[in-house]
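A.B. asks: Show me the folded form of this:
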Amino acid sequence: MKITRFKNAIVRKPCKNMVNGLSSAKLGIPDYKLALKQHQNYINALKFCGLQVEVLEANENFPDSTFKKI
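C.D. replies: Down below sits the predicted model:
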């Protein structure tokens, strides 16, 4: 079995408009400040794993862009 090792990651900072993003969870309105801290922890974890991380600026037009699959 061949294991693929990633070397790069692209992330986008959460935007303030994320509180208006799509959700099926009944968890209430997201906490923007907490999301920023969690996102930074995610970036730190990627770097700890040896990845080069490119951070894109937040985009208020796409509140779900932080979690977009491509």
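A.B. asks: I'd say residue 62 and residue 13 touch.
C.D. replies: No. With contact defined as Cβ atoms under 8 Å, residue 62 does not reach residue 13; the gap is 11.7 Å. Quick note: C-beta positions are derived from backbone N, CA and C, even for glycine.
A.B. asks: The two: which is more packed in?
C.D. replies: residue 13 (17 against 14; other Cβ atoms under 10 Å).
A.B. asks: What's the separation between the closest residue to the more buried one other than its chain neighbours and residue 36?
C.D. replies: Once flanking residues are discounted, residue 13 sits nearest to residue 58: 4.3 Å by Cβ to Cβ, 6 or more residues apart in numbering. Distance, residue 58 to residue 36, using Cβ to Cβ, to the nearest Å: 9 Å.
A.B. asks: who has more neighbours, the two?
C.D. replies: Counted by other Cβ under 10 Å, residue 58 and residue 36 do not tie: residue 58 has more neighbours, with 19 against 15.
A.B. asks: Provide a list of residues in contact with that one.
C.D. replies: By Cβ atoms under 8 Å, 6 or more residues apart in numbering, the residues touching residue 58 are 12, 13, 14, 15, 16.
A.B. asks: Surely it is in a strand?
C.D. replies: No. Counting by DSSP: H, G, I helix; E, B strand; the rest coil, one finds residue 58 to be coil, located in no strand.
A.B. asks: still on that earlier bit, any shared contact partners between residue 58 and residue 36?
C.D. replies: By Cβ under 8 Å, 6+ apart, residue 58 and residue 36 have these common neighbours: 13, 14.
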